[in-house]
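Engineer: what would the 3D arrangement of this be:
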Amino acid sequence: MKRTFRTAVLLSLGLLLSPALHAQKAARAAASSTTDEQKMQRFIDDLMSKMTLEEKIGQLNLITVGFDVTGPVVSKDVDVNIRKGLVGGVFNTYTPVAARKLQDMALKESRLHIPLMFGYDVIHGHRTIFPIPLGLSASWDMTAIERSARVAAEESAADGLHWVFSPMVDIARDPRWGRVAEGAGEDPYLGSQIARAMVRGYQGTDLSKNNTVMACLKHFALYGAAEAGRDYNTTDMSLPRMYNEYLPPYKAAIEAGVGSVMSSFNDINGIPATGNKWLLTDLLRKQWGFKGFVATDYTAIPEMINHGVGNEAQVSAMALNAGADQDMVGEVYLRNLAQNLKDGTVKQEIIDLSCRRILEGKYKLGLFQDPYRGVSEKRAKATLMKKEFLDDARDVARKSFVLLKNDKNALPLKKSGTIALVGPLATRQHDLLGNWSAAGDWKQAVSVEQGIRNVAGSGVKIVTAQGANITDDQLLIDRLNAFSGALNIDKRSSEELIQEAVKVAQGADVVVAVVGESQGMSGEAASRSDISLPGQQLELLKALKKTGKPLVVVLMNGRPLTLNWENQNADAILETWFAGTQGGNAIADVLFGAYNPSGKLTMTFPQSVGQVPLYYNHKSTGRPFNDQPLDKYKSRYLDISNEPLYPFGYGLSYTTFSYSKPELSASTMSLGGTLDVKVTVKNTGNYDGEEVAQLYLRDVAGSVSRPVRELKGFQKVMLKKGESRTLTFHLTTDDLKFYNNDLQWVAEPGAFQVFVGPNSRDTQDASFTLSNGSAAN
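Structural biologist: Okay, here's the model as predicted:
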């Protein structure tokens with residue numbers, strides 16, 4: 001009964017949509033009457049009238065052909081099926097030569113000459129690799145993030161691709177989960193802004209242009225909440241939490257016009273996402289008005305058998321009826337849908353609808369007008385990794401770095417003296433690209449050593465030592481190297497490696513230690529139960545500390561790490577994530593002060609993995625900890641504080657900033673009205689620098705418990721040393737709204753607090769009241 005009631009409530013939400021969504025639906029309705037829309041529908045009607053059932057099912061078949069397979073299944077009889085019209089799309093194939101070869105086969109040898117659509121895992125760049133998405137998000141710079149997607153689109157399109165499996169917008173609060181590297185962190189507001197920016201960057205304003213690609217929103221939905229931070233694991237949460245905290249970035253991408261959606265591996269309320277009709281039809285299409293197509297993740301339909309919801313024929317029908325239009329690699333539809341139709345478990349109109357959605361996607365991409373979209377080897381050569389794109393990658397990488405500590409102005413470094421550059425990641429190129437580096441060539445990545453040599457100039461002497469292996473765990477090494485981990489292990493003992501590094505350090509003026517994870521330690525299927533520095537890297541840092549030399553730690557990693565000793569003992573810590581093709585140059589730019597770091601964390605760094613999940617916008621309890629260590633019956637740990645090591649939004653600069661107390665334009669805000677929050681930010685240090693001013697709200701008392709604070713605005717500003725600027729944040733009633741326990745989108749009258757500061761912890765506050773009245777839905 002409970003599930004029936006909930007479903008009824010959800011289906012009624014068409015009457016409870018926000019004004020923005022009403023406007024969006026109206027715009028789409030208007031667009032459906034345009035000549036272009038009518039033209040497309042007439043074209044597809046005509047084409048489908050000529051298609052056999054087998055050919056319609058063929059459009060729902062997405063196969064893999066190419067250079068890297070992301071799972072154990074490889075599509076069979078590819079050429080035969082393409083010629084028979086049994087393939088709708090191909091992924092893992094790129095380059096003009098390879099793509100043209102398969103497209104020729106479809107156009108010249110299949111009966112109806114329907115073009116193929118080529119997709120690929122372009123996550124943070126195609127050939128020119130940008131920082132991993134978690135790093136991109138740390139820039140808090142929507143222009144830079146959109147630019148990274150635009151460059152990826154231009155390169156992908158020039159290399160024969162039409163479709164990219166990005167953006168990944170899963171909210172993630174458990175750093176054990178390796179795929180936190182692919183997303184924007186823990187916050188729904190920031191995640192929503194980034195989702196929109198990525199969609200704009202990939203798709204532009206006209207998908208038919210040959211320098212755009214169709215974006216694919218993933219993973220729909222709730223994949224970031226996998227239990228225990230273990231990839232592919234189950235997900236379970238209340239509907240209000242789902243709507244308030246996890247769904248907003250997906251919805252933002254839909255409102256931005258994303259062309260496709262990928263279903264997630266996890267189940268939701270016991271039903272796998274790929275076969276979840278409430279998710280893919282009731283929510284995505286009926287409530288949110290999505291008009292594109294849904295592709296599954298890799299072999300997600302046959303994997304539903306392991307979820308325990310049916311045999312192959314049953315999960316075939318379940319997925320299609322739920323709204324999964326395209327089967328990635330599993331070929332379950334190809335084997336079963338015709339029989340499903342005979343058995344009555346699927347209807348012809350459902351097959352037709354999914355086929356139509358795929359064909360519409362191809363039409364919008366301009367594939368029926370130009371199946372090759374102007375792709376040539378000449379164009380690819382002129383586009384891929386051109387200087388402009390490399391410059392962009394370097395600039396965006398610098399913006400993504402987060403300065404976590406800088407005691408006694410240990411940074412920036414001087415361009416003189418001797419630097420001991422040590423650590424297992426100091427000279428490696430391979431790891432800079434990070435996970436999901438698409439068609440990027442690690443041999444073209446700039447190492448930290450090379451970057452320092454490029455930037456420091458001849459006045460600096462650089463001496464190097466490895467100091468430690470990334471890990472000494474042979475089982476982990478074998479696992480990583482089985483999947484292109486490329487870990488080259490030095491056979492010397494840990495003691496020998498550390499002694500060599502110490503000797504090098506003793507003869508230097510400063511030590512720069514580049515430590516962290518290898519690129520294979522984060523990403524898909526890369527969950528870690530221990531999120532400290534792997535191997536003997538911490539022992540290396542301890543030995544370097546004993547030399548008495550200034551110790552600068554440069555981190556490379558795809559997730560938050562536990563860094564308690566490092567925070568207490570290093571003189572400076574610079575978080576660089578996996579910075580991409582130009583990573584070494586960008587890191588050197590920051591180390592030597594050519595760029596003043598401005599990044600801010602988008603995931604909380606815990607003191608201990610035992611605190612996980614740890615995130616800033618949590619709810620209070622009836623017994624909140626009151627900082628009284630002997631007050632026993634409070635929500636706390638016995639062995640550590642509740643506080644994170646570094647809070648959400650945290651990041652230092654080579655300069656310093658001061659904030660005035662926020663001033664409100666009024667003490668009362670009416671429903672449907674607005675309120676301005678003003679704060680003056682001053683650069684009080686000795687360097688020009690950028691600051692991300694962050695605004696948070698708290699609904700003091702609601703019909704349901706509300707978070708202690710929620711991000712509702714931010715502004716990134718450049719201030720010259722000594723310069724002040726007054727920033728204005730405009731709040732509307734929508735900023736105060738949330739989904740209540742009946743899933744109504746409401747703003748409730750009462751007291752609110754507003755907080756402004758450089759991160760989610762160090763803020764100043766003011767208060768206002770939302771006056772009585774009826775909220776507009």
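
Engineer: count of neighbours near Y659?
Structural biologist: By other C-beta atoms under 10 Å, the residues close to Y659 number 18. Heads up, the C-betas are built off the backbone N, CA and C, glycines and all.

Engineer: my guess is it meets V692, correct?
Structural biologist: No - using C-beta atoms under 8 Å, Y659 is not in contact with V692; the gap is 11.8 Å.

Engineer: between these two, which contacts overlap?
Structural biologist: P758 (C-beta atoms under 8 Å, 6 or more residues apart in numbering).

Engineer: neighbours of the residue nearest to A149 when sequence neighbours are not counted, how many?
Structural biologist: Nearest non-adjacent residue to A149, counting by C-beta to C-beta, 6 or more residues apart in numbering: G201, 2.6 Å away. G201 has 25 neighbours, counted by other C-beta under 10 Å.

Engineer: distance of G201 relative to D734?
Structural biologist: From G201 across to D734, the span is 25 Å (C-beta to C-beta, to the nearest Å).

Engineer: one more: S641?
Structural biologist: According to C-beta to C-beta, S641 stands 36 Å off from D734.

Engineer: over to V552?
Structural biologist: Distance of V552 to D734, computed by C-beta to C-beta: 44 Å.

Engineer: of those two, who's got more company?
Structural biologist: Of the pair V552 and D734, V552 is the one with more neighbours under other C-beta under 10 Å, namely 24 against 14.

Engineer: distance of R623 relative to S635?
Structural biologist: Taking C-beta to C-beta, one finds R623 at 5 Å from S635.

Engineer: likewise for G85?
Structural biologist: G85 sits 61 Å away from S635 when distances are taken as C-beta to C-beta.

Engineer: backbone dihedrals for the most centrally placed residue in the chain, please?
Structural biologist: What sits nearest the mean C-alpha location of the chain, by C-alpha atoms, centre = their mean, is G183, with 1.8 Å. Dihedral angles of G183 (phi, psi; degrees, to the nearest 10) stand at phi -120, psi -170.

Engineer: pretty sure it contacts D174?
Structural biologist: No - if you go by C-beta under 8 Å, G183 and D174 don't touch, sitting 11.7 Å apart.

Engineer: in the stretch 201-350 of the chain, which spans are strands?
Structural biologist: Ranges of strands within the stretch 201-350 of the chain are 214-220, 260-263, 267-268, 271-272, 293-295, 327-328, based on DSSP state E, counting those that start in this stretch.

Engineer: now do the longest one: everything it contacts.
Structural biologist: Spelled out, that is strand 214-220. Residues contacting strand 214-220 (C-beta under 8 Å, 6+ apart): 119, 149, 162-170, 195, 198-199, 202-203, 207, 250, 253-254, 258-266, 273, 279-280, 284, 294-295, 297, 361, 364-365.

Engineer: can I have it written out in PDB, keeping just the CAs?
Structural biologist: Extracted in PDB, the C-alpha atoms of strand 214-220 (Å, rounded to 0.1, in the frame of the first residue of the first chain):
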ATOM      1  CA  MET A 214      25.300  15.100 -28.200                       C
ATOM      2  CA  ALA A 215      25.800  14.900 -24.400                       C
ATOM      3  CA  CYS A 216      24.600  11.900 -22.400                       C
ATOM      4  CA  LEU A 217      23.500  12.600 -18.800                       C
ATOM      5  CA  LYS A 218      24.600   9.900 -16.400                       C
ATOM      6  CA  HIS A 219      24.100   7.800 -14.400                       C
ATOM      7  CA  PHE A 220      20.400   8.000 -13.900                       C
END
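
Engineer: starting at the chain centroid, how far to it?
Structural biologist: 11 Å (C-alpha atoms, centre = their mean, to the nearest Å).

Engineer: what of the fifth one?
Structural biologist: Shown here is strand 293-295, whose average C-alpha point lies 19 Å from the average C-alpha point of the whole chain (C-alpha atoms, centre = their mean).

Engineer: domain-wise, how is the protein divided?
Structural biologist: 397-601, 657-770 (automatic domain parsing).

Engineer: show me where pLDDT drops low in the chain?
Structural biologist: Residue ranges of the chain with pLDDT under 70: 1-34, 66-76, 773-777.

Engineer: if we can go back for a sec, neighbour count winner among G85 and S635?
Structural biologist: Neighbours around G85 and S635, counted as other C-beta under 10 Å, are more numerous at G85. The numbers are 23 against 12.

Engineer: hmm, I57 and that one touching each other?
Structural biologist: No - with contacts counted by C-beta under 8 Å, G85 stays clear of I57, the gap being 9.7 Å.

Engineer: coming back round to it: point out the most buried one among the domains of the chain.
Structural biologist: Among those, the stretch with the highest mean neighbour count (mean count of other C-beta atoms under 10 Å) is domain 397-601, at a mean of 21.

Engineer: could you work out the end-to-end span of that domain for me?
Structural biologist: The first residue of domain 397-601 is 14 Å away from its last residue (C-alpha to C-alpha, to the nearest Å).

Engineer: next: stretch 406-414.
Structural biologist: Stretch 406-414 has an end-to-end distance of 15 Å (criterion: C-alpha to C-alpha).
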